[in-house]
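[1] structure here, sequence nowhere to be found:
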């Protein structure tokens, strides 16, 4: 791969969590759990407030990979992540990825990224893991 590593760099992606965004995700996903939608209910939860859907938070990683690799990501991509925290309303969250390893296969390069979603308000890691993708050799 040599000095072509910049070809595989990922651009971070960020969003501010709003109740409107959470409501839109609930509609699209069909997940109407009250922890995401009802502040009175959410006050009695372990979080004490409304939280964003975990998959909404995780979607930053998918969006980041999709923006870089498009259909190749959809055809060959694998995500392995752990949820470590939850995003609240007004949290600014950022997905990042750093190329950790590349392996030459017969017709492809296998790229393995370390990926995270962080709450930039608190510097807390919300999601951590890896993404693996097989891309055509340059």
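    Done, it's in. Source: prediction; values computed, not measured.
[2] C-alpha only now, for contacts and for neighbours.
    Will do.
[3] centre of the chain to stretch 27-37, how far?
    18 Å (C-alpha atoms, centre = their mean, to the nearest Å).
[4] oh, that last question was meant for stretch 73-91, not what I typed.
    3 Å.
[5] and if you look at stretch 42-58?
    On C-alpha atoms, centre = their mean, the centre of stretch 42-58 falls 16 Å from the chain's centre.
[6] now stretch 41-48
    With C-alpha atoms, centre = their mean, you get 24 Å for stretch 41-48.
[7] same check on stretch 67-81?
    For stretch 67-81, the distance to the chain centre is 12 Å (C-alpha atoms, centre = their mean).
[8] for the chain, what spans make up the helices?
    19-29, 34-37, 39-43, 54-69, 71-76 (DSSP state H).
[9] in this structure, what residue sits furthest out from the centroid?
    Centroid-distance maximum for the chain: residue 106 at 29.4 Å, with C-alpha atoms, centre = their mean.
[10] for it, give me its contacts.
    Residue 106 makes contact with no residue under the criterion C-alpha atoms under 8 Å, 6 or more residues apart in numbering.
[11] nearest to residue 12, out of the helices of the chain?
    Residue 12 lies closest to helix 54-69 among these, at 6.7 Å (C-alpha to C-alpha).
[12] which parts of the closest one are buried?
    56, 57, 58, 60, 61, 62, 64, 65, 68, 69 (16 or more other C-alpha atoms under 10 Å).
[13] do the same with stretch 119-137
    119, 125, 126, 127, 128, 129, 130, 131, 132, 133, 134, 135.
[14] and stretch 92-103, by the same measure?
    92, 93, 94, 95, 96, 97, 98, 99, 102.
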